[in-house]
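J.: fold the stuff below for me.
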Amino acid sequence: MQFNQATDYAFRAMLHLAARPPGSIVSIQQLAASEAIPPRFLQKITRPLGKAGLIRSHRGVEGGFALARPAEEISLLDIITAVEGKLVVHRCLAEREACNKHCTEECPVHATLARLQAQLVAGLRQANLAALVAEQRGRK
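T.: Below you'll find the model as predicted:
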């Protein structure tokens, strides 16, 4: 399991916005340059983030993007879900028919993966942008 490049860029962009004072608007050019994200790719990533209600776009000469909610209310899970969809560590957890063995009962692997997925989701839900920014500032 591995998050895709778009999700990595989304993490960077969202963390950058969260590190700014609340309500700060950052142009897409500035955001792309600061986080080493190709501008066209960043434009593509901002669409699902906006659709998920994580960022808000502002038009005009002074336009750009800002967080749509307080950083404390945006988790890594929110970002992953916005960019990649529902987090599923194995297809059998999303589709019971995915197992071609056609078991009448869940196998031990299914139960273990389900438990691990629940732990992963809970951990990602607890990791909010405000905490990550505070951790980042503590390192500097």
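J.: which pLDDT does the model give Gly64?
T.: Looking at Gly64, its pLDDT stands at 95.
J.: same question for Thr104.
T.: Thr104 is given a pLDDT of 65.
J.: again, but for Ala94
T.: Ala94 is assigned 78 on the pLDDT scale.
J.: low pLDDT regions in the protein?
T.: 102-104 (pLDDT under 70).
J.: those strands in it, which residues are they?
T.: 55-58, 64-67 (DSSP state E).
J.: thought Ser27 was touching Ala66?
T.: No: Ser27 is not in contact with Ala66 according to CB atoms under 8 Å; the separation is 10.9 Å. Yep, even glycine has a C-beta here, placed from its N, CA and C like the rest.
J.: circling back to that earlier point, so for Ala82, which of the strands of the chain sits nearest?
T.: Each of those has some distance to Ala82 by CB to CB; the shortest is strand 55-58, at 9.3 Å.
J.: for the closest one, packing partners?
T.: Strand 55-58 sits against helix 39-51, strand 64-67, with contacts defined as 3 or more CB pairs under 8 Å, 6 or more residues apart in numbering; DSSP states H and E.
J.: can you lay out those as a markdown table showing mean neighbour count and distance to Ala114?
T.: Compiled in a markdown table, the helices and strands packed on strand 55-58 are given as follows (neighbours: other CB atoms under 10 Å; distance: least, CB to CB, whole Å):
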| stretch | mean neighbour count | distance to Ala114 |
| --- | --- | --- |
| helix 39-51 | 16 | 26 |
| strand 64-67 | 20 | 33 |
